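K.L.:
What follows is a predicted protein model with its sequence.
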There are 2 protein chains.
Amino acid sequence: MINEEILRNIKKHISLTEKETSFFISLITAKSLSKKALVLEAGQDCRYLSYVATGALRSYYTDKDGKESTIMFAIADWWITDMYCYLNKKPAMMNIETLEQSTIFQISRTNFDELLEKVPKFEKFFRILMQNAYTREQLRVMENLSSTAEERYQSFLIKYPQIVKQVTQKQIASYLGITPEFLSTLRKPKV
Amino acid sequence: MINEEILRNIKKHISLTEKETSFFISLITAKSLSKKALVLEAGQDCRYLSYVATGALRSYYTDKDGKESTIMFAIADWWITDMYCYLNKKPAMMNIETLEQSTIFQISRTNFDELLEKVPKFEKFFRILMQNAYTREQLRVMENLSSTAEERYQSFLIKYPQIVKQVTQKQIASYLGITPEFLSTLRKPKV
DNA sequence: CGTCTATTTGAATGTACTCAAAAGCGGTGG
DNA sequence: CCACCGCTTTTGAGTACATTCAAATAGACG
């Protein structure tokens, strides 16, 4: 059963009865996506929170000059959405696309609200999910402020070895906030 | 009663019975701090989550070269701690100091755990607190990646007008990830 | 009033970017 | 199966944004 992984993800933090489990399953939808599929488009309503079962997704912001900044990568066992817009019903600021053929599970905002209301245990699950996301982003801000591009690149390689295997250098560069050309020179062994 | 503000902060998101309210009050401690007081020192155990009733606090990271990066400011009605270390019982990475005479309420990690266990309603409260913190940090990462120092400064002035009144330019510079000298040139009207 | 720190100003420097072009690689169709 | 196309990566020259260092000025606080 393909649901196994998402349930294991949840049961890392909270335990569910069979009834709660099947209720949760009833609220999510599986989707199989080909490479380069657009999961969310900036400007649209961000209706879904997605759990990645297999494959890889990327969220990115496109600024007024057309420059893309990668906000996050999501590989197997990660959750991804434009969280601010999902929770606040604002038009999406980001795009989300698949980087390879992927399988995801989605929960709509309506179902998310219903889930939290009917099974308050999920408040704990999402509290932990949000706090992990928060501390991860805060560490990223800290690194961005205190480290050079080269240090941030080395740190990325160490922190996310699995992601490195699934994304291009251009995408890593846009995550680090540098140009692909400059990343290329960083990678070149120094004499 | 000085407790009023923190209770109002909580009741924005969840409602509490009188019993729950007094239980919560029994878990927190008020502290009055003079200017430049060190609330948390890097390397120490981060035992407290603090709510700012009055005044202003700042968390910052000091890197190997002694350069300070401001992670966040917390003025009245904000919560602040080294969240990663508070939750994961790791030695603090950041320092937290008062920027002026301040009054704060603190909840210890032990009491925090007990609060969540005994009054699960607080899971919702902290889920919302964490999700707001998460989306705020993510927006900050997005801005850092896609905007110039000048745009980030302008955006800071607009987003946090109250904070601007309570902190120095040097501190704003270290929040934006630029030198005070450079911030000074940005502020200088262009001919 | 004096001291300490913040802010401003300017010159020299460095990190990272832009633009351009070549080389490499992966996927697709004939 | 290989040739071609498009995109990624590399390389290099010139440039711009932001830093460092130094010194002068302004402000805050006891």
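P.N.:
Arrived safely.
K.L.:
what pairs with the residue positioned nearest the centre of chain A across the strands?
P.N.:
Centroid-nearest residue in chain A: residue A:80, 3.2 Å away (criterion: CA atoms, centre = their mean). For residue A:80, the beta-bridge partners are residue A:50 (DSSP bridges).
K.L.:
my guess is it contacts residue A:46, does it?
P.N.:
No: Residue A:80 is not in contact with residue A:46 according to CB atoms under 8 Å; the separation is 10.9 Å. Where C-beta positions appear, they are placed from N, C-alpha and C, glycine not excepted.
K.L.:
related to what we said a few turns ago, what's the distance between the residue nearest to the centre of chain A and residue A:73?
P.N.:
In this view, residue A:80 and residue A:73 are 8 Å apart by CB to CB, to the nearest Å.
K.L.:
overlap in contacts of those two?
P.N.:
Common contacts of residue A:80 and residue A:73 (CB atoms under 8 Å, 6 or more residues apart in numbering or on different chains): residue A:57.
K.L.:
hey, what's in contact with both of residue A:80 and residue A:46?
P.N.:
Common neighbours of residue A:80 and residue A:46 (criterion: CB under 8 Å, 6+ apart): none identified.
K.L.:
what mean pLDDT does the longest helix anywhere in chain A have?
P.N.:
The longest helix of chain A (DSSP state H) is helix A:121-146. Helix A:121-146 carries an average pLDDT of 97.
K.L.:
Next one: that helix, is it in contact with DNA strand C?
P.N.:
No: figure legend: helix A:121-146 not in contact with DNA strand C (CB under 7 Å from any atom of the strand); closest approach 10.3 Å.
K.L.:
in that helix, what's buried?
P.N.:
A:121-135, A:137-146 (16 or more other CB atoms under 10 Å in any protein chain shown).
K.L.:
What is whichever helix or strand comes after it packed up against?
P.N.:
The C-terminal neighbour of helix A:121-146 among helices and strands, as given by DSSP states H and E, is helix A:149-159. Secondary-structure packing of helix A:149-159 (3 or more CB pairs under 8 Å, 6 or more residues apart in numbering or on different chains; DSSP states H and E): helix A:121-146, helix A:169-176, helix A:180-187.
K.L.:
quick one: helix A:149-159 near DNA strand D?
P.N.:
No: using CB under 7 Å from any atom of the strand, we find that helix A:149-159 stays clear of DNA strand D, coming within 11.2 Å at best.
K.L.:
Which residue is the nearest non-sequential neighbour of the residue in chain A that DNA strand C sits nearest to?
P.N.:
Nearest residue of chain A to DNA strand C: residue A:182, at 3.2 Å (CB to the nearest atom of the strand). Ranked by CB to CB, 6 or more residues apart in numbering or on different chains and with sequence neighbours excluded, the top spatial neighbour of residue A:182 is residue A:149, at 6.7 Å.
K.L.:
Give the full set of residues in contact with the one you found.
P.N.:
Here residue A:149 is in contact with A:176, A:177, A:178, A:182, A:183, A:186 (criterion: CB under 8 Å, 6+ apart).
K.L.:
ok, 7 Å please
P.N.:
The contact partners of residue A:149, taken as CB atoms under 7 Å, 6 or more residues apart in numbering or on different chains, are A:176, A:178, A:182, A:186.
K.L.:
contacting residues around the second one?
P.N.:
Same thing as residue A:178. By CB under 7 Å, 6+ apart, the residues touching residue A:178 are residue A:149.
K.L.:
so it sits in a strand?
P.N.:
No: using DSSP: H, G, I helix; E, B strand; the rest coil, the assignment for residue A:178 is coil, not a strand.
K.L.:
Could you pull up phi and psi at it?
P.N.:
With angles defined as degrees, to the nearest 10, residue A:178 sits at phi -130, psi 170.
K.L.:
separation between it and residue A:155?
P.N.:
13 Å.
K.L.:
again with the last one
P.N.:
Here residue A:186 is placed at a distance of 12 Å from residue A:155 (CB to CB).
K.L.:
ditto for the first one
P.N.:
When distance is defined by CB to CB, residue A:176 is 9 Å away from residue A:155.
K.L.:
Between these two, point out the one with more neighbours.
P.N.:
Higher neighbour count among residue A:176 and residue A:155: residue A:176, with 24 against 15, using other CB atoms under 10 Å in any protein chain shown.
K.L.:
tell me the pLDDT at residue A:159?
P.N.:
96.
K.L.:
just to revisit the earlier point, anything in the longest helix of chain A near DNA strand D?
P.N.:
No: contact of helix A:121-146 with DNA strand D is not found when judged by CB under 7 Å from any atom of the strand; the minimum separation is 9.4 Å.
K.L.:
which strands and helices sit next to that helix?
P.N.:
helix A:109-118, helix A:149-159, strand B:68-75, helix B:83-88, helix B:121-146 (3 or more CB pairs under 7 Å, 6 or more residues apart in numbering or on different chains; DSSP states H and E).
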